[in-house]
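S.K.: The sequence isn't on hand, but the structure is:
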């Protein structure tokens, strides 16, 4: 068996978004504003949920976890990107690259499973409203949430170990503004077919499983809504509308990022498209929930009122 040498590369060079100084400064300002807005929006959602007793139920417990993930997701890549744009220092250590990839896969994987759990929660709430509190207890919520984080962690551990036990010896230039699986595999000295196959199978099984749960849940929800009167139908749409919008946004941006024909692939396009789920989705999620959800809007007004009174 060929021995893998991990000492050939001690650091990587991230290509970044642009080499033009004036463009880099504009990008720095733009992404700094987006990042701060993302942090503010998701932290606000967490504060609102934790301080309003009316939101202490399974639906908002899951939403709080989603906001936490939306804080962690851009925080794995954006601060480093901002530093590179400002200082032109695009180097990242081997360990730093490994940790960045690990946390990114962990967060994105956990979010896929959490969205499936949230879809099941909405299915029970709409299709079995009288038994909702008995079926979706806080104990079950805690177990399901812990499960999503554990599966996301194990999935990320597998992916990261497959990537960083490769031998990198020809080049250390990562054709992306952060460490991601495709550009990292492109740097390998060894054949990567078997590892790509394992990653594809694992990601396919876990991702498809979560997607099927989400899809089936919403098919049952749709059938239940079609049998309701107009008033109940409107209430049901308001109950699951925000989550359905977030699901469509997440899967839409992820598909745009990874499910594209190889003939249309270009590194520059890949860098731009990858921002959709890594930066855009975490920014829009709290906006969607605050604009479309009456309970969140009401709780948000209470928090703002308390802050004004304190000042």
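M.R.: Alright, I've got the coordinates. Every value quoted in this text rests on a predicted model; they were computed, and no experiment measured them.

S.K.: Can you list the low-confidence ranges for the stretch 151-300 of the chain?
M.R.: Low-confidence regions of the stretch 151-300 of the chain, defined by pLDDT under 70, span residues 170, 257-270, 291.

S.K.: Quick one: the helices in it, in order.
M.R.: Ranges of helices in the stretch 151-300 of the chain, per DSSP state H, counting those that start in this stretch, are 181-185, 193-226, 230-258, 267-273, 275, 281-292, 294-310.

S.K.: can you redo those helices as JSON lines with mean neighbour count and distance to residue 42?
M.R.: Every residue, glycine included, has its C-beta placed from N, CA and C. Output for the helices of the stretch 151-300 of the chain, formatted as JSON lines (neighbours: other CB atoms under 10 Å; distance: least, CB to CB, whole Å):
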{"stretch": "helix 181-185", "mean neighbour count": "18", "distance to residue 42": "26"}
{"stretch": "helix 193-226", "mean neighbour count": "15", "distance to residue 42": "21"}
{"stretch": "helix 230-258", "mean neighbour count": "16", "distance to residue 42": "12"}
{"stretch": "helix 267-273", "mean neighbour count": "14", "distance to residue 42": "23"}
{"stretch": "helix 275", "mean neighbour count": "20", "distance to residue 42": "17"}
{"stretch": "helix 281-292", "mean neighbour count": "20", "distance to residue 42": "5"}
{"stretch": "helix 294-310", "mean neighbour count": "13", "distance to residue 42": "12"}
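
S.K.: who wins for proximity to residue 149 among those?
M.R.: Each of the helices of the stretch 151-300 of the chain has some distance to residue 149 by CB to CB; the shortest is helix 193-226, at 13.7 Å.

S.K.: gap between the closest one and the chain center?
M.R.: Centroid separation between helix 193-226 and its chain, computed with CA atoms, centre = their mean, to the nearest Å, is 16 Å.

S.K.: Stretch 145-161 now?
M.R.: With CA atoms, centre = their mean as the basis, stretch 145-161 stands 13 Å off its chain's centre.

S.K.: do stretch 82-95 as well
M.R.: Computed by CA atoms, centre = their mean, the separation of stretch 82-95 from the middle of its chain amounts to 23 Å.

S.K.: So which bits of it are buried?
M.R.: Using 16 or more other CB atoms under 10 Å as the test for burial, stretch 82-95 gives 82, 84, 85, 90, 92, 94.
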